[in-house]
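Q: Sequence first, predicted coordinates after that:
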Amino acid sequence: MFSLSSLLDCDEIVIQCHDIPDADTIASAFAVHTYLKENKKNSKIIYSGMAEISKANLLEMIVELAIPIEYTTEMPRIGTLVLVDCQYGERNVQQFEADTVIVIDHHTESKGGGSFGIIRSQLGSCSTLIWDLLNKTQFDVNKHPSVSTALYYGLYTDTNNLEEIAHPLDKDARDSLKFDNNIINKLRNNNLSLSELSIAGTALTQYKIDTNLKYAIFKAAPCDPNILGFISDLALQVNDIDVCLVYNELNDGFKLSIRSCIREVMANEFSVYLTEGVGSGGGHIGKAGGFINKTKIEEQNTDIGSFLEKRAREYFSSYEVVDSADHSLDINCMQEYRKRNIPVGFVASTDIFSEGEPVLIRTLEGDTEIEASKDILFMIGILGEVYPITTEKWGRNYALTDCAFEADYDYSPTAKNKVTGDSVEIAPFAKPCLATGEVHIFAAPVTKNTKVFTSWNVTGYMFGAPGDYIAVRSDDHNDVYIIRRDIFEKTYERL
């Protein structure tokens, strides 16, 4: 696993941003530079390309935070080249010769790559990745106000003003970084130029719309990605548009901004569908974003406009909706199952928080808000999935066990006190338990993308892909939900 501390063994370190830098790449480079400086290592920050930085907010950022970034088109051979928010050999970064190339990025991995490094394409910003790497070296980012402010602004801009955050690590960075609010406000209000206002106006007149399904696609000229969010927010206010997609071209790909105002279409799930296999996407239920790799589109012998239109049509014909309060599922055509005797974890909410404290449970599946209570427990599944359960329901379904509980975490789930902002990892508090098998379910694999509005959430749906299972509790036929295939096959057995 890559660690920033490995850079301390390197010499002649140059940190390179992508061409036409944005706030995320600048912030990431500045944070790495500061870490090296604190550890008595010399480094320099560079960028290249056809033109120098000209955007007002970026120039203001560089001055206000004293970021030592240099524009260059020629470099002698470099000892150690560290690319942040970009990858070696990609179109959006000038290629310089180096003995060692290290890549730290959050975009889809390209063929160029580097000698080594880390790429986490599920994250919303490279600033988040750098923040996490710094924390793992025990470097206190908040003791360096310029760095923490830069990283916050990098995350802010790369997630469309924090509206397209999806990964819990992005949320953790957002909540933990201390920033200079005066500087952030100044940068926010320097973000739109007259030319970008003109780009937005032109984009709003160039669209393709499906009046039956009420979705529209808008194409914008090359511009700062945040302008896409501005355009999509305006477009969604049109009474004939319930879902909109705005896109533009970058050096290495295409940036997407997506909005939805109907419960049947979650913007984040639509984004994931549009970018599957060609990029990455995510965000919130109503607002999301994505990125599509230009090379992936070229490999399909199509253009981005045709690709997005085709994907959008496929999406709107790809799913069915099930409302647990009024459904036509026939349980006679479903098989009956019970949970296997596999240890899972549980934690009393009051073992971590005081009675009545507002708590946010944060996992890969999203955020859930509850109040800590002696009647509420946190359950932890074998893949780290977390959900609240009442003590009464737990007592009917589970029993204590001496068996060890082990889970495979991609992201260790946390619970956050919404008043103080303090986050606590849940897993260290977990005790093992086993399903008693007293309550059964009827279940069947879905053959088509399925959106289930559950009895506990009528505004947001659970999404099931072909192969996942739709389940109905045997003691409550209006308790309908989706179980992921990998979780179902490991935790349920047929009767």
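A: Good, I have the coordinates. Residues are numbered from 1 along each chain as shown.
Q: neighbours around Ser271, how many?
A: Ser271 has 28 neighbouring residues, counting by other Cβ atoms under 10 Å. C-beta: built from backbone N, CA, C; applies to glycine.
Q: ok, it to Arg338 distance?
A: Look at Ser271 and Arg338: by Cβ to Cβ, to the nearest Å, they are 36 Å apart.
Q: Also Tyr398?
A: Counting by Cβ to Cβ, the gap from Tyr398 to Arg338 is 12 Å.
Q: anything in contact with each of the two?
A: Listed as contacting both Tyr398 and Arg338 by Cβ atoms under 8 Å, 6 or more residues apart in numbering are Ala435.
Q: Could you list the low-confidence segments of the stretch 301-450 of the chain?
A: 364-366, 419, 421 (pLDDT under 70).
Q: Could you pull out the strands in it for me?
A: 319-323, 335-339, 344-348, 358-363, 366-371, 376-380, 386-390, 398-400, 414-417, 423-425, 431-435, 441-445, 449-454 (DSSP state E, counting those that start in this stretch).
Q: chain center to the longest helix belonging to the chain: distance?
A: In the chain, assigned by DSSP state H, the helix with the most residues is helix 23-38. On the basis of Cα atoms, centre = their mean, to the nearest Å, helix 23-38 sits 22 Å off its chain's mean C-alpha point.
Q: tell me which residues of that helix are tucked away?
A: The neighbour-count check on helix 23-38 (16 or more other Cβ atoms under 10 Å) flags 23-36 as buried.
Q: Show me what Pro291 bridges to in the sheet.
A: Careful, residue 291 is Phe; it's not Pro. With DSSP bridges applied, Phe291 shows beta-bridge pairing to Lys255, Ser280.
Q: can you pull the contacts of it?
A: Phe291 neighbours (Cβ under 8 Å, 6+ apart): His107, Thr108, Gly253, Phe254, Lys255, Leu256, Thr275, Gly279, Ser280, Gly281.
Q: what about 6 Å?
A: Neighbouring residues of Phe291 by Cβ atoms under 6 Å, 6 or more residues apart in numbering: Gly253, Lys255, Gly279, Ser280.
Q: And it, how far from Leu155?
A: Counting by Cβ to Cβ, the gap from Phe291 to Leu155 is 15 Å.
Q: Check Ile15 too.
A: Ile15 is 18 Å from Leu155, by Cβ to Cβ.
Q: Which parts of the stretch 51-200 of the chain are strands?
A: 69-71, 78-84, 98-105, 116-119.
Q: Can I get the ones you listed in CSV including distance to Arg313 and mean neighbour count?
A: As requested, the strands of the stretch 51-200 of the chain are exported to CSV (distance: least, Cβ to Cβ, whole Å; neighbours: other Cβ atoms under 10 Å):
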stretch, distance to Arg313, mean neighbour count
strand 69-71, 44, 15
strand 78-84, 37, 23
strand 98-105, 32, 22
strand 116-119, 31, 16
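Q: Which one, of those, ends up nearest to Asn42?
A: For the strands of the stretch 51-200 of the chain, the distance to Asn42 is smallest for strand 78-84, at 10.9 Å, taking Cβ to Cβ.
Q: Walk me through which strands the closest one pairs with, and which way each runs.
A: Strand 78-84 has the following strand partners under DSSP bridges: strand 13-16 (parallel), strand 98-105 (parallel).
Q: worst average pLDDT in these?
A: Mean pLDDT across these is lowest at strand 98-105; the value there is a mean of 94.
Q: how far is it from where the chain is centred?
A: Using Cα atoms, centre = their mean, the offset of strand 98-105 from its chain centre is 24 Å.
Q: Could you tell me the angle between it and helix 23-38?
A: 120 degrees (axes from the mean of the first three to the mean of the last three Cα atoms, to 10 degrees).
Q: So which residues make contact with strand 98-105?
A: 78-85, 87-88, 114-115, 117-119.
Q: and if you look at stretch 416-427?
A: Counting by Cβ under 6 Å, 6+ apart, Asp175, Val347, Ile352, Glu357, Pro358, Leu360, Phe378, Ser412, Pro413, Thr414, Ala415 sit against stretch 416-427.
Q: Make TSV out of the strands of the stretch 301-450 of the chain and add distance to Arg313 and mean neighbour count.
A: TSV is the format used below for the strands of the stretch 301-450 of the chain (distance: least, Cβ to Cβ, whole Å; neighbours: other Cβ under 10 Å):
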stretch	distance to Arg313	mean neighbour count
strand 319-323	13	16
strand 335-339	34	17
strand 344-348	41	21
strand 358-363	33	20
strand 366-371	27	14
strand 376-380	39	22
strand 386-390	35	16
strand 398-400	45	14
strand 414-417	39	21
strand 423-425	42	15
strand 431-435	42	18
strand 441-445	25	19
strand 449-454	14	20
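Q: Redo the ones you listed as TSV? Include distance to Asn185.
A: Below are the strands of the stretch 301-450 of the chain laid out as TSV (distance: least, Cβ to Cβ, whole Å):
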stretch	distance to Asn185
strand 319-323	41
strand 335-339	51
strand 344-348	40
strand 358-363	26
strand 366-371	26
strand 376-380	37
strand 386-390	35
strand 398-400	50
strand 414-417	25
strand 423-425	26
strand 431-435	46
strand 441-445	51
strand 449-454	39
